[in-house]
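Novice: No letters, just coordinates:
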């Protein structure tokens, strides 16, 4: 497959994040959505933000098959630190909740083939009210994280302004590089600037950050998942060319295994995040996760689609009046991924189309249903029907015998918008 390549030049080449990390979207576990800022270890010892929680999650990742699938990061979010810096001005972990300190926790991760991520904030305080990392503390804190052998750093933006962010995010990239330790860098900068140009410069972001939060925090609900996905696909013309190996749009955590999603909605989030080439950071309780949620999160084919080496973010190519949407992502070896998604809330919907209508060239294709493992062959001109559950998906891996036309992706070197079809499918509107 011949693909248009976007070469992103940077005006801040001195700040280029030349760390060689995250050539595919990072995967792991992140505390925030499931455990928030629970620091009441006396009354809730299993769920509070403490050393024990992260050790428990590391044990589950290393013992329950997650690590081998790529889930290697264990990421601390807000509320981990003491309320005061130490006598040398360095950040320090809360001594009661992290008695061994962050360095000992990092060693625990590394001994199990895992990596440790940590959180900071550019403002005077973090979003949770703990000490921030303002401009005059950037070099000190970057070196502190390196000394602790941290592997990833998320830099939030509460209690800071646009001027400070414009200076601080590139300066932190430079400071992390200067430590000599490879530390993946997650920036929240675009989320504080509305997520879109002209306030957000994605060319610059791609040079200083490995991933970035574009939009608001996810909540444990289907409405939240759908709101985030809609924003990303409605702005795909801006976001698709920004992503690539080592630089990823981040629609936030996977909430599969929590309380807010049905199984169909969980499959939908996993499929859409894979199409978006999104980082896969679960925020759930791996000690009690259901077998159904585990099966979705450990689906090897979806993970392989998410981790595809080409690193092209997929896009929505069809939006029907019926509530059916189709998403496509080009993959290595002339393959692709297709997702048929239903916004409906009534009954399974029978959707008819052909591969040629979805921009596939002439040929016979091998189709594997990602969630059922069923395989079939399909000619580009052959009409087919997929039955899509309400708020659910059907996801296909498509092995292509010929080049997939990128008509929906690029024309004249520029990304195109979605195709919006009328409700003209040949199948009568029968609900089965």
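Specialist: Yep, that arrived. Bear in mind that the values here come from a model prediction, so they are computed numbers and not experimental data. Residues are numbered from 1 along each chain as shown.
Novice: State the distance from residue 31 to residue 310.
Specialist: For residue 31, the distance to residue 310 equals 31 Å [Cβ to Cβ, to the nearest Å]. Bear in mind the C-beta positions are built from the backbone N, C-alpha and C, glycine included.
Novice: again but with residue 70, I slipped
Specialist: Relative to residue 310, and taking Cβ to Cβ, residue 70 is found at 17 Å.
Novice: go on, residue 69?
Specialist: Residue 69 is 20 Å from residue 310, by Cβ to Cβ.
Novice: Residue 387 too?
Specialist: Applying Cβ to Cβ to residue 387 and residue 310 gives a distance of 30 Å.
Novice: How about residue 352?
Specialist: Taking Cβ to Cβ, one finds residue 352 at 30 Å from residue 310.
Novice: for residue 160, helix, strand, or coil?
Specialist: coil (DSSP: H, G, I helix; E, B strand; the rest coil).
Novice: My error: substitute residue 327 in the last question.
Specialist: From three-state DSSP, the assignment for residue 327 is strand.
Novice: Bridged to it, which residues?
Specialist: residue 316, residue 339 (DSSP bridges).
Novice: Tell me the pLDDT of it.
Specialist: Reported pLDDT at residue 327 in the predicted model: 98.
Novice: again with residue 19
Specialist: For residue 19, pLDDT reads 86.
Novice: Show me which of residue 31 and residue 310 is the more surrounded one.
Specialist: More neighbours surround residue 31 than the other of residue 31 and residue 310, with 25 against 16 (other Cβ atoms under 10 Å).
Novice: Model confidence score at the residue nearest to the more buried one when sequence neighbours are not counted, please.
Specialist: Leaving out its chain neighbours, the residue that sits closest to residue 31 by Cβ to Cβ, 6 or more residues apart in numbering is residue 77, at 4.9 Å. What the model reports as pLDDT for residue 77 is 98.
Novice: same deal with residue 402?
Specialist: At residue 402, pLDDT is 46.
Novice: One more: residue 193?
Specialist: At residue 193, pLDDT is 98.
Novice: and it, how many neighbours does it have?
Specialist: 18.
Novice: Burial check on the closest residue to it other than its chain neighbours, number of neighbours?
Specialist: Spatial nearest neighbour of residue 193, chain neighbours left out: residue 199 (4.2 Å); criterion: Cβ to Cβ, 6+ apart. A total of 12 residues lie near residue 199 under the criterion other Cβ under 10 Å.
Novice: Residue 199 reaches residue 191, doesn't it?
Specialist: No: the pair formed by residue 199 and residue 191 falls short of the contact definition of Cβ atoms under 8 Å, at 11.3 Å.
Novice: Next, the buried residues of stretch 224-231.
Specialist: 224, 225, 226, 228, 229, 231 (16 or more other Cβ atoms under 10 Å).
Novice: Of these, which is the nearest to residue 149?
Specialist: residue 228 (32.5 Å; Cβ to Cβ).
Novice: Give me the distance from the strand or helix carrying the closest one to the chain's centre.
Specialist: Using DSSP states H and E, the element containing residue 228 is helix 222-234. On the basis of Cα atoms, centre = their mean, to the nearest Å, helix 222-234 sits 13 Å off its chain's mean C-alpha point.
Novice: any idea which helix or strand comes after it?
Specialist: helix 236-239.
Novice: how about that following helix: buried residues?
Specialist: Neighbour-count burial for helix 236-239 flags 236, 238, 239 (criterion: 16+ other Cβ under 10 Å).
Novice: Report all helices and strands that that helix contacts.
Specialist: Using 3 or more Cβ pairs under 8 Å, 6 or more residues apart in numbering; DSSP states H and E, no helix or strand is in contact with helix 236-239.
Novice: Quick check: mean pLDDT of that helix?
Specialist: 98.
Novice: thinking again about what came up before, of the buried residues of helix 236-239, closest to residue 106?
Specialist: Using Cβ to Cβ, the buried residues of helix 236-239 come closest to residue 106 at residue 239, 32.4 Å.
Novice: Enumerate every residue touching residue 182.
Specialist: Neighbouring residues of residue 182 by Cβ atoms under 8 Å, 6 or more residues apart in numbering: 19, 20, 21, 151.
Novice: Now the last one: closest residue in space that isn't a chain neighbour?
Specialist: The one in question is residue 151. Distance criterion Cβ to Cβ, 6+ apart; nearest residue to residue 151, sequence neighbours excluded, is residue 115 at 3.7 Å.
Novice: How many residues are close by the one you found?
Specialist: 20.
Novice: so it makes contact with residue 28?
Specialist: Yes: counting by Cβ under 8 Å, residue 115 does reach residue 28; the two are 7.3 Å apart.
Novice: In terms of helices and strands, where is residue 108?
Specialist: helix 101-111.
Novice: residues in contact with that helix?
Specialist: 51, 54-55, 58, 74, 76, 80, 92-93, 98, 115-116, 118, 147-151.
Novice: rerun at 10 Å
Specialist: 51, 54-55, 57-59, 61-62, 72-74, 76, 80-81, 91-93, 95, 98, 100, 114-118, 144-145, 147-151 (Cβ atoms under 10 Å, 6 or more residues apart in numbering).
Novice: What segments of the chain are helices?
Specialist: 32-35, 51-63, 66-69, 101-111, 138-147, 162-178, 189-192, 202-208, 222-234, 236-239, 263-275, 291-297, 300-306 (DSSP state H).
Novice: Same question for the second one: list its buried residues.
Specialist: Spelled out, it's helix 51-63. 51, 53, 54, 55, 56, 57, 58, 60, 61, 62.
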